[in-house]
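K.L.:
structure, please.
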Amino acid sequence: MCCDYEDSLRNLQKKEIQDGEDKVENGMSESKLEELQNAWKKEQEEENVKFSEVVQDSTQELDQEVEEVID
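P.N.:
All right, here's what the predicted structure looks like:
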């Protein structure tokens with residue numbers, strides 16, 4: 001029974017080391033990745049709003065120009 005415990009402990013230590021190496025290989029932890037993804041999504045939403053405003057403004061300007069030509 002003590003051997004099973006020691007083997008389990010060794011396997012757990014190997015797993016923790018491997019998990020740490022995976023984080024280093026991937027360059028960042030899951031929480032950091034999620035943080036960056038959330039920031040990117042927020043930035044994209046802000047860009048979409050800005051783009052929508054530009055399109056709306058351009059459409060209004062075009063409508064005014066068309067009205068001026070018609071009058």
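K.L.:
what bits of the protein have low per-residue confidence?
P.N.:
Across the chain, the ranges flagged by pLDDT under 70 are 1-3, 5, 17, 19-28.
K.L.:
so where do the helices sit in it?
P.N.:
Assigned by DSSP state H, the chain shows helices spanning 2-26, 30-70.
K.L.:
and the ones you listed as TSV, adding mean neighbour count?
P.N.:
(C-beta placed from N, C-alpha, C; glycine too.) As requested, those are arranged in TSV below (neighbours: other C-beta atoms under 10 Å):
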stretch	mean neighbour count
helix 2-26	10
helix 30-70	10
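K.L.:
only C-alpha atoms, please: export stretch 48-58 in CSV.
P.N.:
Extracted C-alpha coordinates of stretch 48-58, given in CSV (Å, rounded to 0.1, in the frame of the first residue of the first chain):
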residue,chain,number,x,y,z
ASN,A,48,-17.8,47.9,-34.4
VAL,A,49,-19.5,50.7,-32.6
LYS,A,50,-17.1,53.2,-34.1
PHE,A,51,-17.5,51.7,-37.6
SER,A,52,-21.3,51.8,-37.2
GLU,A,53,-21.1,55.5,-36.3
VAL,A,54,-19.0,56.2,-39.3
VAL,A,55,-21.4,54.4,-41.6
GLN,A,56,-24.3,56.2,-40.1
ASP,A,57,-22.6,59.6,-40.4
SER,A,58,-21.6,58.9,-44.0
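K.L.:
just give me how far it sits from the chain centre.
P.N.:
Stretch 48-58 has its C-alpha centroid displaced from the chain centroid by 23 Å (C-alpha atoms, centre = their mean, to the nearest Å).
K.L.:
and if you look at stretch 48-61?
P.N.:
With C-alpha atoms, centre = their mean, you get 25 Å for stretch 48-61.
K.L.:
next one: stretch 6-21
P.N.:
Using C-alpha atoms, centre = their mean, the offset of stretch 6-21 from its chain centre is 30 Å.
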